[in-house]
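>>> fold the following.
(2 chains)
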Amino acid sequence: MLSKKVFTLCNKTDKISTTSYTKSKFLFFFRIMVSFIAIIEFASLAKDLTVLFYPTQTILPQELIILQSGYFRYLYPFYQFLKDQQLIEYFYSGAIYSYVIALFFLLSGLFTRYAAFAALILQLIIFKSFSPFNYGYDNFLTMSLFYCVIFPVGRYYSLDFLIFKFKYKIQLNYQRVIQIHLAIAYLFSGVAKALDSGWWDGNSVWKAIVSVDNSYYTLSPLILILAGIGTVLLELSYPVLMYFRKSRSYALIAVILMHSSIAIFMGLYAFSAIMIVWNIAAFGNLDSVAKNKIIDVETA
Amino acid sequence: MKKYTLIIFFSFHLILVFFQGLNTTIDGYWSYHYNNIPDVPVLRIFKQNRFTDPYYILTGINTGYGFYGIKTSSKKFLRLTFLDSTQNLIKFDRYFGLTTSNGVSRLNGYASYLANHIADTQKLIEKDSLSQKKDADVIKFRKNYVTKSMKWLGKPLARNLEECDFYKVELLTIIPEEVKEIKNNSKPELYVIQEGFYSVQ
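Predicted coordinates:
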């Protein structure tokens, strides 16, 4: 009786999660873009890795960096084990090279699932070892790599496909997972901002962008107020705007513009890039992109 | 069968994402406005705990989605001042050996982390004064953490500078904090949140 009910529920959920999307293109796009952004971001940090992730002479002693983080109880025994086994000298450079190799394997789709899993674990070890220096991008990259492990991202347009000749039928609309995840993220982001009066009077935008290293303090308060209110409204209504076919393309353009502005004004390039990739992967029509039509969404 | 297993797995995963977003938003709002975190039994079931912690970390969902929401704070900076034996200024440094824009951006994130840590310690002190100083050890530990962190931040660079005998590390924030207080589009000034003065030896 119970199993029948569970089965019926699964059937209903299945209808929601299955559409006529070109799922293979979504999986390909997601894999390529996530690994590409991860490689570029890591390369942009390469010169500073010896200051953040190295056995000696880091910006702070490693124990002090991780002491107050939630990862201390995992990382401290791990590094102690490496020290006891006298592997610590080799570990840091080994982890860095292995991470880059895993990302290139993921990019080319060679042993994709294993490569994604290796990249996920190494990304966690490397970046959580200097977790107070982390920001939103690092968490979204972890999520992305986790989805690359779970989703069959290496089944299409990959070296795995060429070598192993998969005959694989996609069983699920994985795109829906990203869509729901994004809807939840933007909804709560919108709620959090709506609860702060600063987002309605321009103060929060001003605080977020102004620095002693730029001249954004000369921006008109009217622009700051409009940007703040626009951000709150867009994020709050994101799930609704994306649900309806008529508003989806406009909402997608607005979100891409919002993240492009974040990249320009706040310098958060990697974060903006990964959010734009998630949005295009979730709600862009990748068939249309291939035909040089940027957005022409099919599903409702 | 595999399909239904995946549907159940992703449904459960997205429920955790939803409750993590809900919990962090409520906690953020309550801790800012009321200096505590509400204890709602239903929400507690889905809260990250020591049993579910590894899953949250592995999937990356151990984060809120506030993105500068609730209470946006102005940018924080760290500044290192090198001084000679008579405590005369040698030079300033704001990058602590970091050379890439990515690294410098992460350093500014660390400055915000330290500022939040100091603000949370201050809240704890205020709370503790009302509750018979139960958290005295925690407060001492948190204060020491900031002092030691600031000391270590400057030490390697100060050691490498031959004529440097003392150094000062400052945690700075931008003022004014309200857009309406800006006068004549003048460049924002900096205010010291905390500073430490140390000897190289």
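
>>> mind giving me the domain ranges of chain A?
As recorded under automatic domain parsing, the domains making up chain A are A:19-163, A:174-300.

>>> how about the ones you listed, which one is nearest residue B:95?
With CB to CB as the criterion, residue B:95 lies closest to domain A:19-163 of those, at 9.6 Å. C-beta: built from backbone N, CA, C; applies to glycine.

>>> tell me what the helix or strand of chain B with the lowest mean pLDDT is packed against?
Least confident helix or strand, chain B: helix B:41-45 with a mean of 77, by mean pLDDT, DSSP states H and E. Other elements packing on helix B:41-45 under the criterion 3 or more CB pairs under 8 Å, 6 or more residues apart in numbering or on different chains; DSSP states H and E are helix B:2-34.

>>> tell me the buried residues in the helix it packs on?
B:4, B:6-7, B:10, B:13-14, B:16-29, B:31 (16 or more other CB atoms under 10 Å in any protein chain shown).

>>> do it and chain A meet?
Yes. Counting by CB under 8 Å from any CB of the partner chain, chain A is contacted by helix B:2-34 at B:2-4, B:6-8, B:10-11, B:13-14, B:17-18, B:21-22, B:24-25, B:28-29.

>>> I'd like the next helix or strand past the helix or strand where residue A:230 lies.
Secondary structure assigned from DSSP states H and E places residue A:230 in helix A:221-243. Going down the chain from helix A:221-243, the next helix or strand is helix A:245-266, by DSSP H and E.

>>> quick check: next helix or strand after that following helix?
Next along the chain from helix A:245-266, counting by DSSP H and E, comes helix A:269-283.

>>> what's the angle from that following helix to helix A:221-243?
Compare the direction of helix A:269-283 with that of helix A:221-243 by axes from the mean of the first three to the mean of the last three CA atoms, to 10 degrees and you get 30 degrees.

>>> pLDDT of the strand or helix carrying residue A:29, averaged?
Residue A:29 is part of helix A:23-45, with elements assigned from DSSP H and E. Mean per-residue pLDDT for helix A:23-45: 95.

>>> mind listing what's buried along whatever helix or strand comes next after it?
Next in sequence after helix A:23-45, counting helices and strands by DSSP H and E, comes helix A:49-52. Neighbour-count burial for helix A:49-52, counted by 16+ other CB under 10 Å, picks out A:49, A:50, A:51, A:52.

>>> tell me which of those residues is nearest to chain B?
Using CB to the nearest CB, residue A:51 comes nearest to chain B of these, at 5.0 Å.

>>> for chain B, what's its nearest residue on the stretch 201-300 of chain A.
residue A:204 (3.8 Å).

>>> look up the closest residue to residue 46, ignoring the ones flanking it.
Just going to use chain A. Leaving aside its sequence neighbours, residue A:46 sits nearest to residue B:100 (CB to CB, 6 or more residues apart in numbering or on different chains; 7.8 Å).

>>> looking at chain B here, not the other one
In space, residue B:46 is closest to residue B:19, 3.5 Å off (CB to CB, 6+ apart).

>>> so the one you found makes contact with residue B:43?
Yes. Counting by CB atoms under 8 Å, residue B:19 does reach residue B:43; the two are 6.8 Å apart.

>>> worst mean pLDDT among the domains of chain A?
Mean pLDDT values for these show the minimum at domain A:174-300, a mean of 88.

>>> does residue A:177 touch residue A:146 like I think?
No. Using CB under 8 Å, residue A:177 is not in contact with residue A:146; the gap is 10.8 Å.

>>> who are the neighbours in contact with residue B:173?
B:73, B:74, B:75, B:76, B:77, B:115, B:190, B:191, B:193 (CB atoms under 8 Å, 6 or more residues apart in numbering or on different chains).

>>> care to break chain B down by domain?
Chain B resolves into domains spanning B:1-68, B:73-201 when parsed by automatic domain parsing.

>>> of the ones you listed, which approaches residue A:212 most closely?
Comparing the domains of chain B by their distance to residue A:212 (CB to CB), the top pick is domain B:73-201, with 6.5 Å.

>>> how long is the closest one from one end to the other?
End-to-end distance for domain B:73-201: 36 Å, by CA to CA, to the nearest Å.

>>> what helix or strand is residue 191 on?
No chain in the question, so chain A it is. Per DSSP H and E, residue A:191 falls inside helix A:174-194.

>>> I was after chain B.
Using DSSP H and E, residue B:191 sits within strand B:189-199.

>>> kindly report the same for residue A:120.
Here residue A:120 is assigned to helix A:112-128, by DSSP H and E.

>>> residue of the stretch 151-300 of chain A closest to chain B, please.
residue A:192 (2.7 Å).

>>> for the closest residue to that residue other than its chain neighbours, list the residues it contacts.
Spatial nearest neighbour of residue A:192, excluding adjacent residues (CB to CB, 6+ apart): residue B:69 at 2.7 Å. For residue B:69, the contact set (CB under 8 Å, 6+ apart) comprises A:189, A:191, A:192, A:193, A:195, A:196, A:199, B:25, B:28.

>>> what about 7 Å?
Contact partners of residue B:69, counting by CB atoms under 7 Å, 6 or more residues apart in numbering or on different chains, are A:189, A:192, A:193, A:196.

>>> can you show me the helices along chain B?
Here chain B has its helices, by DSSP state H, at B:2-34, B:41-45, B:53-59, B:101-128, B:136-160.

>>> ok now the last one, how far from the chain's centre?
It stands for helix B:136-160. Put simply, helix B:136-160 sits 14 Å off its chain's centre (CA atoms, centre = their mean, to the nearest Å).

>>> what's the angle from that helix to strand B:189-199?
Per the same axes, to 10 degrees, the angle that helix B:136-160 makes with strand B:189-199 is 80 degrees.

>>> what helix or strand does the residue nearest the centre of chain A sit in?
Residue closest to the average C-alpha location in chain A (CA atoms, centre = their mean): residue A:140, at 3.2 Å. Residue A:140 belongs to helix A:136-150 when assigned by DSSP H and E.

>>> what packs against that helix?
Secondary structure elements in contact with helix A:136-150, counted by 3 or more CB pairs under 7 Å, 6 or more residues apart in numbering or on different chains; DSSP states H and E, are helix A:23-45, helix A:112-128, helix A:269-283, helix B:53-59.

>>> tilt between that helix and helix B:101-128?
Using the same axes, to 10 degrees: helix A:136-150 against helix B:101-128 is 110 degrees.

>>> and chain B, which of the buried residues of helix A:49-52 contact it?
residue A:51 (CB under 7 Å from any CB of the partner chain).

>>> near chain B, which residues of the stretch 51-200 of chain A?
Checking the stretch 51-200 of chain A against chain B by CB under 7 Å from any CB, the hits are A:51, A:57, A:59-61, A:64, A:67-68, A:124, A:132-133, A:135-136, A:139, A:142-143, A:146, A:171-172, A:177, A:180-181, A:184-185, A:188-189, A:191-193, A:195-196, A:198.

>>> now list the buried members of these.
Of those, these count as buried by 16+ other CB under 10 Å: A:51, A:59-60, A:64, A:67-68, A:124, A:132-133, A:135-136, A:139, A:142-143, A:146, A:172, A:177, A:180-181, A:184-185, A:188-189, A:191-193, A:195-196, A:198.

>>> what residues does the residue most central in space within chain B make contact with?
For chain B, the residue nearest the mean C-alpha position is residue B:113 (1.4 Å; CA atoms, centre = their mean). Neighbour list for residue B:113: residue A:132 [criterion: CB under 7 Å, 6+ apart].

>>> mind redoing it with 10 Å?
Applying CB atoms under 10 Å, 6 or more residues apart in numbering or on different chains, one finds that residue B:113 lies in contact with A:68, A:69, A:131, A:132, A:133, A:134, A:135, B:76, B:149.
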